[in-house]
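Participant: Provide a 3D model corresponding to the input given below.
(one chain, ligands or ions: 1)
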Amino acid sequence: MGRRVIPNGQVCGYCGNTIDKHNATREHVIPRCLFPPDYRHTPIVIWACRTCNTTKAALDDYFRDTLITELGTDASHVPAWVMANFENSDSRNQSRVGRFARATGRLEPAFTVEGDFRGMGLAYEGEPERLLESSEFIARGLYFDKYKRVLPLNHQIHAGLLTPEAFLERVAFLGRYGVKS
Ligand SMILES: [Zn+2]
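Facilitator: Numbering: from 1, shown residues only. Model prediction:
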């Protein structure tokens, strides 16, 4: 693979600082650890400074481990692959989620977003600020990739769980503004 030329005046897609050959990185907006190698065909990659890249990379595993322990696995091989990586990391005591779950976990009834009982689940103390930081990086990266400008740092990003109905409503709402899903 040849080295990519950094465009003149290129800025970091996350913080907006100008980057040069000393601190430029190619950054995978959606953490690569969420997908097996055969699912990485259309990665969203942006220019980012090394500081942002390193900060985000340190959050990626926590994001992965929380997602997979919240959502569990189904018949698809993608979550099974992610779960295997979480378990592997946890067996080496390298998962913050695993450590917190062991230290503070207790069994509690779990419900779907629609309110249906889906069995007993392990409830543990999470670190929502880490997830918010991950989500903000991803939202900023997606915005930068689509609009080719940095989302102003004083803009707040709201993230939350949507029911399928609320999701469809949201898509219809955004559709009126020309945002394609
Ligand atoms: Zn940056």
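
Participant: could you use CA atoms for every contact and neighbour count after this?
Facilitator: Will do.

Participant: quick one: contacts of stretch 146-163?
Facilitator: 12-16, 113-114, 132, 135-136, 139-140, 143-144 (C-alpha atoms under 8 Å, 6 or more residues apart in numbering).

Participant: identify each buried residue in that stretch, please.
Facilitator: 149-151 (16 or more other C-alpha atoms under 10 Å).

Participant: that stretch: end-to-end distance?
Facilitator: 25 Å (C-alpha to C-alpha, to the nearest Å).

Participant: helix or strand with the lowest mean pLDDT in this structure?
Facilitator: Every helix and strand of the chain was ranked by mean pLDDT, DSSP states H and E. The lowest is helix 164-175, at a mean of 71.

Participant: sec struct for M120, please.
Facilitator: strand (DSSP: H, G, I helix; E, B strand; the rest coil).

Participant: distance-wise, check it relative to L107.
Facilitator: For M120, the distance to L107 - C-alpha to C-alpha - is 6 Å.

Participant: what of V150?
Facilitator: 43 Å.

Participant: wait, does the longest helix along the chain contact the ion?
Facilitator: Counting residues, the longest helix found in the chain (DSSP state H) is helix 50-71. Yes: using C-alpha under 5 Å from the ion, we find that helix 50-71 touches the ion at C52.
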